[in-house]
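> what would the 3D arrangement of this be:
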Amino acid sequence: MDRNTITGLILIFLIFIGFSIYNTNRTNKTIDKALLEAESEYAKGDLEAARSDYINVLRLKPNQPDALAKINEINLKLGNIPEKQKSDSLSLQQPKSGVSVPGTTGTITDINQYGVFAQSATGENEFITLENNKVELKISLKGGRVYSAKLKDYKTFDAQPLVMFSGDSTVFGLNFFTADNKAVQTNNLYFKPVSDQKSYKVVSRPESVLLRLFAGQDKYIEYKYTLAPDKYSVDFNVTFISMEGIIASNQNSLTLDWKMYIPQQEKGRQNEETYSTINYKYYQDEVAGLGMRQSKENVKNDITTKLSWISFQDQFFSSIILTNDFFLNASVSSTRTLASKKYLRYYTSEVGIPFNNGASNSINMKLYYGPNSIPILKKEGPQLEKIVFLGRNIIGWISRFVIIPIFNWLNHFIKNFGLIILILTIIIKIVLFPLTFKSYQSQAKMQVLKPMVEELGKKFPKKEDAMKKQQATMDLYKRAGVNPMGGCLPMLLQMPILFAMFRFFPVSIELRQEHFLWATDLSTYDSILTLPFTIPMYGNHVSLFTLLMTASTLLTMKMTGSSPGSDQPGMKMMMYMMPVMFMVILNNFSAGLTYYYFLANMLTYVQNIISKRFINADAVLATLEENKKKPLKKSKWQQRLEAASKQRGINSPKK
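Below you'll find the model as predicted:
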């Protein structure tokens, strides 16, 4: 990337930031101006004009409190309420907040706020249970929403029932305006069940729960939840019955308000926070999201294009909303810093849903509350499995098409995941061995030549002779038929697989709470000692698998430490510092990951020993002695370089 390109990108970035600031300021000024105009009209007594100006404010900034309060006040003065409520309210002199209106189930406050939905503003917050063998959903009559979702096959790290959310930690409802400009939020209103049944247990066939939010006689919004056997997802259908003239006629979309606090479920909070995020799929396009490992306290994204689904996820579980058609747009945000340590994140989303204001209208969606399991997610929706982040490009390809198929195949025959990881490591090493055998041989030959390299060090002890020493060393390797860079090949071949494993183990729900040896959970760190203090980056515990990984890394490095330049003090220090740094970083990572790295190091050590047995030291030395008698053949590049130098010498002017 040249300087002009970098300059161009910086300018584009600055222009984008400047435009965003300008646009935000412009919008705020427009809102302030509209408020001033509305207040001016209200002061003049022109209530209709004031009401229109306040509505314009709400179009720019929905739920603006001052505008909402004024619109409700103006509606009351103008009499823009249903006839029955209007006639009843006329008999009241200076009504106070909360006073009941004769002939209705609401209060003056409810009528002012909800209009025709005032009768649904109060009620009993009862619950209906809908469950199968996988999930238990508790549905609240207040808001008609799923109040809690418990997964039956899973527990938290401290053996408690795994409840993905519960109580007031979530908001789920439709927001819209009525024909008389009332801002309605269904999350705060009370639905009525069609049946008196309080519990539904799904066994052999699907069961449905129907709830209705009434706006008058035979006028209502119906929520229908349908759960099938062996499913983590529930069909969610919203039907509008005879709502024409109640919902604003110019409203062609509704807003689905979905908010949720994500509780901590795992022992390793650091890992769980790392893999918690919001993802979404563009309609007929790719999956995107807010990204993981976010350092910002609050991340927000306004999506102006169509979407197929949105997921709120943590390390191993997700709440997902899908549509059979498409969502118009969305605004999503993730907040990291929370007052309670019980929660990891606070997610919000405002989703635009297409709406056709007619006599009858239906919106079909699906809600998924379950594990981040690739086989399950593939069956639930398009590209849902991509919320399990396995790396990009070749790393993701290796994970999806090599590691996971082998892992799942082994799991059909073996139930101990520690043994599966061992066999998986052996298979990978066997597959790579033919490609790396010559490189191991090159390393073994370099060990034979090590005494001669040390002699060259004595021959050129001065720092200014370092170039001569390096050249003599390279000539020695060349005469012996050794490629000094051949030892790098095994590492290069293994790097994509090492990174693939780095991505695979922390998100593999199959390893969650699986025991092996002293590790009680292969998906998080193993601890053999809890420290009375916390070491920055390292933590307050000691992971034995991480220690074994570090020791085995140092062992293999010592065996292959004869590479060029490795005898230099600075290089040696760096070589031995790297494993220690990884020990500090990986102490909080998945035990399955550090166990795999330990096994890979030990198998590399064994492969090196086997390779050395195929090396005849006498034959290497004989080749060296024979080649010493021959002139060292120069490469074509060296020949061209010398020819060019001679040519310059011939053509240079004589003094």
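> for residue 279, report the pLDDT, please.
As predicted, residue 279 sits at a pLDDT of 94.
> so what's it up against?
287-290, 310-311, 313, 386-387 (Cβ atoms under 8 Å, 6 or more residues apart in numbering). Any C-beta I mention is one placed from the backbone N, CA and C, and that applies to glycine too.
> can you redo the residues you listed as JSON lines with secondary structure, distance to residue 211 and pLDDT?
What follows is the contacts of residue 279, written out as JSON lines (DSSP: H, G, I helix; E, B strand; the rest coil; distance: Cβ to Cβ, whole Å; pLDDT from 0 to 100):
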{"residue": "287", "secondary structure": "strand", "distance to residue 211": "32", "pLDDT": "90"}
{"residue": "288", "secondary structure": "strand", "distance to residue 211": "33", "pLDDT": "90"}
{"residue": "289", "secondary structure": "strand", "distance to residue 211": "32", "pLDDT": "88"}
{"residue": "290", "secondary structure": "coil", "distance to residue 211": "32", "pLDDT": "87"}
{"residue": "310", "secondary structure": "strand", "distance to residue 211": "23", "pLDDT": "95"}
{"residue": "311", "secondary structure": "strand", "distance to residue 211": "25", "pLDDT": "95"}
{"residue": "313", "secondary structure": "strand", "distance to residue 211": "27", "pLDDT": "92"}
{"residue": "386", "secondary structure": "helix", "distance to residue 211": "33", "pLDDT": "91"}
{"residue": "387", "secondary structure": "helix", "distance to residue 211": "29", "pLDDT": "91"}
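> export the residues you listed to a markdown table and tack on distance to residue 599 and neighbour count?
Compiled in a markdown table, the contacts of residue 279 are given as follows (distance: Cβ to Cβ, whole Å; neighbours: other Cβ atoms under 10 Å):
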| residue | distance to residue 599 | neighbour count |
| --- | --- | --- |
| 287 | 33 | 18 |
| 288 | 36 | 15 |
| 289 | 33 | 19 |
| 290 | 35 | 18 |
| 310 | 39 | 24 |
| 311 | 33 | 25 |
| 313 | 30 | 23 |
| 386 | 29 | 20 |
| 387 | 29 | 23 |
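> tell me the one of these nearest residue 520?
Closest approach to residue 520 among the contacts of residue 279 (Cβ to Cβ): residue 313, at 24.1 Å.
> so that closest one bridges to which residues?
residue 277, residue 318 (DSSP bridges).
> ok, now which ones touch it?
If you count contacts by Cβ under 8 Å, 6+ apart, then residue 313 has 275-279, 319-320, 372, 387 around it.
> now swap in residue 384 and tell me
281, 309, 311, 320, 322, 368, 377-378.
> go again with 6 Å.
residue 377 (Cβ atoms under 6 Å, 6 or more residues apart in numbering).
> in the stretch 51-200 of the chain, what spans have low per-residue confidence?
For the stretch 51-200 of the chain, applying pLDDT under 70 flags the ranges 58-66, 68, 75-114.
> okay, and residue 540 sits in which element?
strand 539-542 (DSSP states H and E).
> what is the nearest of the contacts of residue 313 to residue 539?
Closest approach between those and residue 539, by Cβ to Cβ: residue 275, at 17.6 Å.
> mind checking how far the spatially closest residue to residue 422 that is not a sequence neighbour is from residue 418?
Spatial nearest neighbour of residue 422, chain neighbours left out: residue 599 (6.0 Å); criterion: Cβ to Cβ, 6 or more residues apart in numbering. For residue 599, the distance to residue 418 equals 10 Å [Cβ to Cβ, to the nearest Å].
> please apply the same query to residue 161.
Applying Cβ to Cβ, the value for residue 161 to residue 418 is 27 Å.
> which one of these two has more residues nearby?
Between residue 161 and residue 418, counted using other Cβ atoms under 10 Å, residue 418 has the larger neighbour count: 19 against 11.
> list the contacts for that one?
Contacts of residue 418 by Cβ under 6 Å, 6+ apart are residue 516.
> so which helix or strand takes in it?
Using DSSP H and E, residue 418 falls within helix 417-448.
> how far off centre is the helix or strand following that helix?
Downstream of helix 417-448, the next assigned helix or strand under DSSP H and E is helix 450-459. Put simply, helix 450-459 sits 53 Å off its chain's centre (Cα atoms, centre = their mean, to the nearest Å).
> and the gap between the most centrally placed residue in the chain and residue 332?
Computing the C-alpha centroid of the chain and ranking residues by Cα atoms, centre = their mean puts residue 277 first, at 3.8 Å. The spacing between residue 277 and residue 332, counted by Cβ to Cβ, is 10 Å.
> kindly report the same for residue 519.
36 Å.
> now do residue 33
If you go by Cβ to Cβ, the gap between residue 33 and residue 332 works out to 30 Å.
> neighbour count for those two, which is higher?
Taking other Cβ under 10 Å, residue 33 and residue 332 do not tie; residue 332 has more neighbours (23 against 13).
> which residues touch the helix or strand hosting that one?
Taking DSSP H and E as the criterion, residue 332 maps to strand 329-335. Residues outside strand 329-335 that contact it (Cβ under 6 Å, 6+ apart): 278, 290, 298-304, 307, 345-352.
> so which bits of it are buried?
For strand 329-335, the neighbour count (16 or more other Cβ atoms under 10 Å) marks 329-330, 332-335 as buried.
> each with direction, which strands does that strand pair with?
strand 298-303 (antiparallel), strand 343-354 (antiparallel).
> tell me the first helix or strand C-terminal of the longest one.
The one in question is strand 343-354. strand 360-371.
> flag the shaky bits of the stretch 201-350 of the chain, pLDDT-wise.
By pLDDT under 70, the weakly predicted segments of the stretch 201-350 of the chain are 294-295, 337-339.
> let's see that with 80 instead.
292-297, 337-341 (pLDDT under 80).
> then the stretch 501-650 of the chain?
537, 557-576, 608-650.
> that one: strands as residue ranges?
529-535, 539-542 (DSSP state E, counting those that start in this stretch).
> next one: phi and psi at the residue nearest to residue 153 when sequence neighbours are not counted?
Spatial nearest neighbour of residue 153, excluding adjacent residues (Cβ to Cβ, 6+ apart): residue 134 at 6.6 Å. Phi and psi for residue 134, reported as degrees, to the nearest 10, are phi -110, psi -40.
> who's the nearest residue to residue 329 once chain neighbours are set aside bridged to?
Computed as Cβ to Cβ, 6+ apart, the closest residue to residue 329 that is not its neighbour in sequence is residue 352, at 4.3 Å. Per DSSP bridges, residues listed as beta-bridge partners of residue 352: residue 255, residue 329.
> neighbours of residue 352, how many?
Residue 352 has 20 neighbours, counted by other Cβ under 10 Å.
> would you confirm that it contacts residue 253?
Yes. Proximity of residue 352 to residue 253 meets the contact threshold set by Cβ atoms under 6 Å, at 4.9 Å.
> got any residues that touch both of those two?
In terms of Cβ under 6 Å, 6+ apart, residue 352 and residue 253 are both contacted by the residues residue 328.
> state the number of residues packed around residue 422.
Neighbourhood size, residue 422 [other Cβ under 10 Å]: 18.
> how about the contacts made by residue 548?
residue 598.
> next one: it from residue 226, what distance?
Distance check for residue 548 against residue 226: by Cβ to Cβ, it reads 51 Å.
> same question for residue 304.
With the distance defined as Cβ to Cβ, residue 304 ends up 32 Å from residue 226.
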